[in-house]
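[1] Sequence and predicted model, in that order:
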Amino acid sequence: MRRPPLLIAALLLGGCSGEQSALDPAGVHSGAVLNLFGLFFWVCLIAFALVIGFLVIAMLQARRVDAARSERSEHDAIASRLLRGWIVFIIAGLLVLTLGSYFTDRNLALAAPDTGQSNRVPIRIKLTGQQWWWQVEYEDPNASQQIRTANELHLPVGVPVHIRLESIDVIHSFWVPNLAGKQDMIPGRHNDIELLPTRAGHYRSQCAEFCGLQHAHMALDVVIEPMADWLKWRAQSLQPAKAPATAEEKAGYAYFMEHQCSACHSIAGTPAFGTVGPDLTHFASRPSIGAGTVPNTRGHLEAWIADPQGMKEGNHMPYLAVPPDKLHALGAYLRSLS
Amino acid sequence: MIARRLDEIVCASLLWLFGVAASSAAAAPPLPVAPVSAAPAEDGQWTMPAKNFASTRYSALDQIKASNVKSLGLAFTFSTGVARGQEAAPIIVGDTMYVVTPYPNYLYALDLKNGGQLKWRYAPKPVPAAQGVACCDYVNRGVFYEGGRVFMNTLDGQTIAVDAASGKEIWKARLANINLGESITMAPLVVKGKVLVGVSGGEFGVRGWLAALDAASGKLAWRAYHTGPDKDVLIGKDFKPFYAMDRGRNLGVKSWPPDAWKIGGGTVWGWISYDPALDLIYYGTGNPGPWNPEQRPGDNKWTDGIFARDPDTGAAHWFYHVIPHDLYDHDTINELILLDIPMGGRMRKVMVRPERTGYLYVIDRASGQVLSADPFYEHINAYKGVNLQTGRLVTVADKEPKMGKVVRDICPTAPGAKDWNPSAFSPRTGLIYIPHMNLCMDWQSTQVSYISGTPYIGANVRMKAGPGGYRGELTAWDVMRRRPAFKIKEDLPLFSGALATGGDLVFYGTLDGWFKAIDARTGKLLWRFKTGSGIIGQPVSYRGPDGRQYIAVLSGVGGWAGAIVSANLDPTDPTAAKGFAGAVPDLKQRTAPGGTLYVFALPGR
Amino acid sequence: MCSRSLAGSAVMAMLLLSACQREQRESRGQPLAETAPTFVQLPSVLIAGSQPAPADPRGKLYEGNAYHISEGQRLFEQFNCSGCHAHGGGDIGPPLMDDEWRYGGQSDQIVASIAYGWPNGMPSFADKLTEQQMWQIAAYVRSMSGNVPKDVASSRADELASTPPLTRTPQQPIKGEPGGGLQGVAP
């Protein structure tokens, strides 16, 4: 008899943690929001319990219609005291909720949330939403140290991040539930959002403003890692793409540069400078293809190249009719770009 | 006796007074002079488009002057057979005139003893596909004569030496690759036996360069790139830039996002000057690519700046970054007029340039220090000025282009307050005659992919007349007093060069075909002639075999300003011709394509 | 009563059916690239020994479809067509919004121009664009001169306003033959 409730509890609570959960904060901002959520939850739960309690009592009391007058007046006195207490509770409760909401909002709006880590130089990122993928550029005062990548965010633990949000076509919205709330990306203007991750892990971001046919498949892989690992990733990302080594990779490279691929994609260190599609310089180390549509495995990659429309219909990568032998070569080359 | 003595005294005093008056009149501010080594004495010829290495474009011939110019009439004409933008300067050596046309780049030699009869024609036969990578009409800015040879460039990227007497090809060198978007439109400059040629294609993601070929054989002597590592830019131990912002190693890589310098622009399609005394060539580099500045954060060296180099080795001596991180396609390739200016009690060696941004720069040509940058164009709103301490141009945040957003009324427009069309300097008046424009634009940046051989721009631009409604202007700038002496407003943008003569006249042409002569001191219009098509060429003056002074100019509308006519574009779309169609939608009603040489002289014989 | 509702539903049916073709989205290109006939439309009106061939039917298919035209509009910017042709007014390349065509103004002829290029400077995009993308661009180019149905043309471009809206462009049939014959105009 004990197991079902435990099981149910486990299942229910299991929905709280995870890679795309606002109930499992990994950053300061989402932590503040969750605290506020908790405050609201408990205050409202108490209010709810009291209301239900009073309702039950009232329903039970109503049976005793033949109560003596004196008892009734006693009850009336108790009832009016309870009512006054209830009003006080409501006012107090609303005040608590309002203040809680105000202070949380204020904290979120501050440039450097008070965590003791705010004296670190923030990482600046420019995130551009396009239909239906994310262009990510890590800015740097030294222009040649800028990193351009797509569909993934790598951040170190404990360092504030300023993200400038832009869009070049329609309105998108950036939302990493584990780190912060939503912020729209509106063409023609820029918005800003701050993040401060506090815990390492892999999380998922989802576009939160309907932006067209593949809005549902516009996710972003967010990887939070310790500073040492992040610096390694950064150094690796600043390297140009690996030159093709094997014959198959070379064939894939040649096909990439001579055909449609290089018109839309860019790979640092090669003649491909396209900006229509995502940058592929370190494609092999990306967790997913197509902005979170499918995992980045060999099978999925070749399926994507063979028929991108079948996997994400309407996306801007056309059906290419790549010859089968070239397909394997292309896949080999892209898988070498770690 | 006493009366005579009194007469003598009065006479002497009067003479003394006159003497004082005369000397005080002569004590007006001293005039700048072009250095003699770079601007030799007048010989009645015109052997290079800029007239001399100092680029004065001044002819000391004074037979035609204010009093007789109204009788100036046609001596002869010559049809080039090419009805596209004629930007070249006719070159006159002895009794022969050399005229080069836009694509297909015919080179004509005309016999001046015989009324301009054709002596020979040389046809280089450039590849027709080059027409697809010429941003602003298929123009050619002229040829260079030296040592019995005429040196010319072709649109498809060749430099050719032609025998001046016979028209036979001596050597040919291919320097540019049209599949990378490269082409050549500039006039070569021959310095110390080296033919200097730069590449065009800043709108095609070309990596800009300047090359030097041996004039005798055509072999490549050196090539200096304008982006990338120092060894490609020929920056070595001689490199001593004046300002801190230009110092550092491999700035041609560090001031760009990774790899962007490979398609970064910095072309050389304008003018080169040379100082034989300092033994330095001076030239400016073109815009960075793409036009959309958000795709290339960083200062973007070494685009949009002025280089001083050693002509023998190409080694850079100094660089001044005129516009770090260009926002508006403001190429800095305009003419650099070398002058010696009296400053602080001594003659200072400077170069003067009316820049695309609307400022007139006076720069020390030995060190690269900016001495002054005053606006000759009065409606600049995109810049606040030049910080003379740091050398940096100060931009206006509100007028910076943004992706997805239209920024309106940016002045000056993309072709600038003044484009490539060169100004002239008169040593007699001390004025620089600047033919320029008054246009503003709306600009929206867009994301652009680099696909070699196609434009790499990333901006939608629409131009319009600037404040006041007049689209062109000739400003006569007083170099010493640092202000305009007079200004002449024109309806259409001025895209032709200017010529100053010893008869105190200035010649220039309008976009609808009027060739005008004005008084060099007052700006009064003294004479004009309606040629067959709009004028965007460079007028020149020479002494003919009969001793008369002649004025020659090519008439044929085109270039960026006249593309709407020469390429028959549709003005319903104001973004046509990169926005210029919006500035001159009426041009098709005012002129038609043409390509004729006009030579004028006073009646005589 | 019965006849009125019958008439009403008949009208509805017609409207719905007519919208079918306009709104259909073929993401892979129909017919598939491997099986489609390759375009062979010559630009000249004068064909020795024969009459000009009828226009490729794919032209009407793409021109009548709003999705393809809006994709063509996106590709026109992204593949730098606007760098040479502006928004129809022309620049380095000739204007595309008027009635003069050097190399033919039908959809299939425009596709041939994009694929093969021309000696006077039009680059060949054969390896850079898929055939479906070329048809989409051709359909958009046709809309610039008003040669597509008004309810199919793109109603706006989210960029600097240049030409008047394409839905209001008056039709400019290819010079010489109304309804889209073959024509090349000098030079």
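    In hand now; what should we look at?

[2] where along the stretch 201-338 of chain A do the helices fall?
    A:227-238, A:247-258, A:261-264, A:298-306, A:308-311, A:324-335 (DSSP state H, counting those that start in this stretch).

[3] between the ones you listed, which gets nearest to chain B?
    helix A:261-264 (5.3 Å; C-beta to the nearest C-beta). In short, each C-beta sits where N, CA and C put it, glycine included.

[4] does chain C sit close to that closest one?
    Yes: using C-beta under 8 Å from any C-beta of the partner chain, helix A:261-264 reaches chain C at A:Ala263, A:Cys264.

[5] In chain A, which residue sits closest to chain B?
    Closest point on chain A to chain B, by C-beta to the nearest C-beta, is A:Ala143, at 2.7 Å.

[6] I'd say that residue and B:Gln295 touch.
    No: look at A:Ala143 against B:Gln295 with C-beta atoms under 8 Å: they stay out of range, at 11.3 Å.

[7] joint contacts of the two?
    With contacts defined as C-beta atoms under 8 Å, 6 or more residues apart in numbering or on different chains, the residues shared by A:Ala143 and B:Gln295 are B:Pro257.

[8] Minimum distance to chain A, which residue of chain B gives it?
    Here chain B gets closest to chain A at one residue, B:Gly298, 2.7 Å apart by C-beta to the nearest C-beta.

[9] For that residue, give me its contacts.
    Going by C-beta under 8 Å, 6+ apart, B:Gly298 touches A:Asn142, A:Ala143, A:Ser144, B:Lys254, B:Ser255, B:Trp256, B:Pro257, B:His325.

[10] Name the nearest residue to it, sequence neighbours excluded.
    A:Ala143 (2.7 Å; C-beta to C-beta, 6 or more residues apart in numbering or on different chains).

[11] Would you mind giving the secondary structure of the residue most central in space within chain C?
    Nearest residue to the geometric centre of chain C (C-alpha atoms, centre = their mean): C:Ala139, 1.9 Å. What DSSP: H, G, I helix; E, B strand; the rest coil gives for C:Ala139 is helix.

[12] can you pull the contacts of it?
    Listed by C-beta under 8 Å, 6+ apart, the contact set of C:Ala139 reads C:Gly59, C:Tyr62, C:Glu63, C:Asn65, C:His68, C:Ile69, C:Gly72, C:Ser107, C:Val148.

[13] OK, now which residue of the stretch 151-300 of chain A is nearest to chain C?
    A:Ala263 (4.4 Å).

[14] Quick check: the gap between that residue and B:Ile160.
    Counting by C-beta to C-beta, to the nearest Å, the gap from A:Ala263 to B:Ile160 is 35 Å.

[15] now swap in B:Gly116 and tell me
    Here B:Gly116 is placed at a distance of 23 Å from B:Ile160 (C-beta to C-beta).

[16] give the contact list for residue 149.
    I'll assume chain A. A:Val136, A:Glu137, A:Tyr138, A:Ser237, A:Pro278, A:Asp279, A:Thr281, A:His282, A:Arg286.

[17] actually chain B
    Contact analysis of B:Arg149 by C-beta under 8 Å, 6+ apart lists B:Ala161, B:Val162, B:Asp163, B:Ala164, B:Ile170, B:Ala215.

[18] Now, of the residues you listed, which are buried?
    Neighbour counting with 16 or more other C-beta atoms under 10 Å in any protein chain shown marks B:Ala161, B:Val162, B:Ala164, B:Ile170, B:Ala215 as buried within the contacts of B:Arg149.

[19] taking those residues one by one, which sit in helices?
    Secondary structure assignment by DSSP state H places none of the buried ones among the contacts of B:Arg149 in helices.

[20] Of the residues you listed, which belong to strands?
    Those of these mapping onto strands are B:Ala161, B:Val162, B:Ile170, per DSSP state E.

[21] Can you show me the CA trace of stretch A:230-243 as CSV?
    C-alpha atoms of stretch A:230-243 as CSV (Å, rounded to 0.1, in the frame of the first residue of the first chain):
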residue,chain,number,x,y,z
TRP,A,230,35.0,26.3,-20.8
LEU,A,231,38.4,27.9,-21.5
LYS,A,232,39.4,24.8,-23.3
TRP,A,233,36.2,24.9,-25.4
ARG,A,234,36.9,28.6,-26.1
ALA,A,235,40.5,27.9,-27.2
GLN,A,236,39.3,25.1,-29.4
SER,A,237,36.5,27.3,-31.0
LEU,A,238,39.0,30.0,-31.9
GLN,A,239,40.9,27.5,-34.1
PRO,A,240,40.0,27.3,-37.7
ALA,A,241,38.4,24.2,-39.0
LYS,A,242,40.4,21.0,-39.2
ALA,A,243,41.8,20.3,-42.6
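
[22] In it, which residues are buried?
    Using 16+ other C-beta under 10 Å as the test for burial, stretch A:230-243 gives A:Trp230, A:Trp233, A:Arg234, A:Ser237, A:Leu238, A:Ala241, A:Lys242.

[23] just stretch C:162-172 next, same as before
    Residues of stretch C:162-172 classed as buried: C:Ser162, C:Thr163, C:Leu166, C:Thr167, C:Thr169 (neighbour count, 16+ other C-beta under 10 Å).

[24] which intervals of the chain have sub-threshold pLDDT?
    No chain in the question, so chain A it is. Where chain A drops to pLDDT under 70, the residues are A:1-16, A:64-75, A:111-120.

[25] The intended chain is chain B.
    Per-residue confidence for chain B (pLDDT under 70) gives these ranges: B:1-4, B:7, B:9-28, B:605.

[26] can you pull the contacts of the most centrally placed residue in it?
    Residue closest to the mean C-alpha point of chain B, counted by C-alpha atoms, centre = their mean, is B:Pro422 at 3.5 Å. Shown in contact with B:Pro422 (C-beta under 8 Å, 6+ apart): B:Pro49, B:Ala50, B:Ser55, B:Arg57, B:Trp271, B:Asn334, B:Glu335, B:Gly497, B:Ala498, B:Gln538.

[27] quick one: low-confidence parts of chain C?
    Low-confidence segments of chain C (pLDDT under 70): C:1-3, C:15-19, C:30-45, C:176-187.

[28] For C:Glu159, give me phi and psi.
    Here is the backbone geometry of C:Glu159 (degrees, to the nearest 10): phi -160, psi -180.

[29] ok, it to chain A distance?
    C:Glu159 is 10 Å from chain A, where distance means C-beta to the nearest C-beta, to the nearest Å.

[30] what residues are up against that residue?
    Applying C-beta under 8 Å, 6+ apart to C:Glu159 gives the contacts B:Gln444, B:Thr446, B:Asn460, C:Glu77.

[31] What residues does the third one make contact with?
    To tie it back to what came earlier, the one meant is B:Asn460. Shown in contact with B:Asn460 (C-beta under 8 Å, 6+ apart): B:Trp443, B:Gln444, B:Thr446, B:Thr575, B:Gly579, C:Ser82, C:His87, C:Glu159, C:Leu160, C:Ser162.
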